[in-house]
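Q: Okay, here's the prediction I keep looking at, along with the sequence it came from:
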Amino acid sequence: MRFLSWLWNRGTPSFVPDTSDRETTDVSRALTPQKVDAIMRAANGGDTRDQCRLASELLEHNIEIAQAVSTRINAVLGLHWSFEPADDSPAARRAAEQLTDEIRSIDSRGQADNFDDLLEDMMGAVLPGFSVSEILWKDGGRIAGFNHIEQRHFSFLDGYTPRLITDDCPQGLDIHPASVIYHRFRFHGKDPVRGGLIRPLAWFHCFNNGTEKNLLAFMERYGMPFLVVRVDETTWQKERHNIKDLIRNFGSSGGGLFSKGTEQELLQAANSDGSIYFRMKEYLAGAINQLILGQTASSGDGGGLSKDGAQDKVRRDILESDCRRLERTVNSQPCIPWTNFNFGPGVPAPRFTIDHAAPEDRTALAQTIAYLSRAGFKADPQELSERFGMKLRYDPSADRVQIRNPLM
């Protein structure tokens, strides 16, 4: 990672990764409980490099984690967001309009990330616990875009604030707060190295790897034909290598070469159908979904995975907390310095909001309107048209549908 200071405040990334930053080995390779424990111990001391690398690699190597994290991120990205004036003053309204136009006009075809990319990168902090993106400032206090910096380039050895590891500063570089957006999850208090879901998920992934290896070994032992060749002592001494090659030519089927005087005994477990491995995999998959989404695929109430919308797949309180967390970060970091640069400290900064309200139950609303109508109350057709998303008009000559009150 290089810090090109002469590019700062020119609308282009000043924190630039180098080809030497590419990892040639995976920290998740041959993951064992001892290795997971070593990674967590190093992170506890502030060295989060391997923990952040593991968080990134699990999205490539574990389908359950990748699917659940993608669902949680997309649930937020699918919501409508806006910048609202902080008050009714003309200056506050101008600030909100100008910031909205500036953010929506960011061109992401070049090196800069747009605002939707920024939100996706910020939500990506759910595993490592934090996310850092550079604000690409231009002359005049305008924002040209954003530049995400991978979490593995930061260190917390000297405190709770991330320090960027660069080629020229291997001990860590202090970053000006107004130049970056630092977003983090507080799953474990103020310590960001313990704030991500990577810590429990690393153990789940490790156990799942062991289960899959045992399952594959079981399938190889009991699901494939096994060729046994018994030969006398003379053939064993002269032809055993040729016979081994012959056995290998049978393909993926197992095989063994024994002398006639050799005795073998295979001790089998009481449960030899392999279902225990599948039950373990189902348990781990359910635990992963429960941890990331707040519910499993079999959840019924509160928005189970059987519903259609991406927002229904994430438990409502988790979705709302993700949105509020993003709102706090955006409001406190890019909005305030942008307003100070462009309008001065006397103008309140625009408020970033995400519409995370639960969708209205139209069936229940229609039943309520029917009950009120039977009691003599009439709803406004214009308001009903807005609530139902279709143009409605009242026809007094139409036959009324009798709806039974479910409480009676």
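A: Looks like it came in fine.
Q: Quickly find the element holding Asp47.
A: Using DSSP states H and E, Asp47 falls within no helix or strand.
Q: Ile354 touches Leu79, doesn't it?
A: Yes: taking contacts as C-beta atoms under 8 Å, Ile354 lies within contact range of Leu79: 5.2 Å. For the C-beta atoms, the positions are set from N, CA and C on the backbone; glycine is no exception.
Q: For the two, list the residues in contact with both.
A: Cys323 (C-beta atoms under 8 Å, 6 or more residues apart in numbering).
Q: Please determine how far the nearest residue to Val347 once chain neighbours are set aside is located from Cys335.
A: Of all residues not flanking Val347 in the chain, Ala91 sits nearest, at 4.6 Å (C-beta to C-beta, 6 or more residues apart in numbering). The gap separating Ala91 from Cys335 is 14 Å, by C-beta to C-beta, to the nearest Å.
Q: more neighbours, those two?
A: Cys335 (22 against 16; other C-beta atoms under 10 Å).
Q: Next, the closest residue to that one other than its chain neighbours: secondary structure please.
A: Among residues not flanking Cys335 along the chain, Ala349 sits closest, at 4.3 Å (C-beta to C-beta, 6+ apart). Following DSSP: H, G, I helix; E, B strand; the rest coil, the label given to Ala349 is coil.
Q: Return the residues in contact with Ala349.
A: 86, 95, 331, 335-336, 338-339.
Q: Off-centre distance for stretch 350-359?
A: In this view, stretch 350-359 has its centroid 20 Å away from the chain centroid, taken as C-alpha atoms, centre = their mean, to the nearest Å.
Q: Contacts only, for the closest residue to Val132 other than its chain neighbours.
A: Closest residue in space to Val132, ignoring its immediate chain neighbours: Ile149 at 4.9 Å, by C-beta to C-beta, 6+ apart. By C-beta under 8 Å, 6+ apart, the contact list for Ile149 reads 1, 15, 132-134, 164, 180.
Q: cool, Val347 as well?
A: Val347 neighbours (C-beta under 8 Å, 6+ apart): 89, 91-92, 95, 339.
Q: And it, how close does it get to Lys138?
A: 20 Å.
Q: Need the pLDDT of Leu7.
A: Leu7 carries a pLDDT value of 61.
Q: again with Leu266
A: Turning to Leu266, the model gives it a pLDDT of 61.
Q: what do you get for the one 4 residues further on?
A: According to the predicted model, the pLDDT of Ala270 comes to 59.
Q: please renumber so the chain begins at 26
A: All set: I'll call the first residue 26, so the last point we hit is now Ala295.
Q: Of all residues in the protein, which one is nearest the centre?
A: For the chain, the residue nearest the mean C-alpha position is Val94 (3.0 Å; C-alpha atoms, centre = their mean).
Q: Would you mind listing the buried residues in the helix or strand harbouring that residue?
A: Assigned by DSSP H and E, Val94 falls within helix 88-102. Neighbour-count burial for helix 88-102, counted by 16 or more other C-beta atoms under 10 Å, picks out 89-90, 92-94, 96-101.
Q: Report all helices and strands that the lengthiest helix in the chain contacts.
A: Identified as the longest helix of the chain according to DSSP state H is helix 223-247. Applying 3 or more C-beta pairs under 8 Å, 6 or more residues apart in numbering; DSSP states H and E, we find helix 223-247 packed against helix 58-69, helix 74-86, helix 88-102, helix 300-318.
Q: For the first one, C-alpha coordinates in PDB please.
A: It refers to helix 58-69. What follows is helix 58-69, C-alpha atoms only, in PDB (Å, rounded to 0.1, in the frame of the first residue of the first chain):
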ATOM      1  CA  PRO A  58      -8.700 -25.000  15.700                       C
ATOM      2  CA  GLN A  59      -5.100 -24.200  16.700                       C
ATOM      3  CA  LYS A  60      -4.700 -21.900  13.700                       C
ATOM      4  CA  VAL A  61      -8.000 -20.100  14.400                       C
ATOM      5  CA  ASP A  62      -7.000 -19.600  18.100                       C
ATOM      6  CA  ALA A  63      -3.600 -18.100  17.000                       C
ATOM      7  CA  ILE A  64      -5.400 -15.700  14.600                       C
ATOM      8  CA  MET A  65      -7.700 -14.500  17.300                       C
ATOM      9  CA  ARG A  66      -4.900 -14.100  19.800                       C
ATOM     10  CA  ALA A  67      -3.000 -12.000  17.400                       C
ATOM     11  CA  ALA A  68      -6.000  -9.800  16.700                       C
ATOM     12  CA  ASN A  69      -6.600  -9.400  20.400                       C
END
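Q: Okay then, goodbye and thanks.
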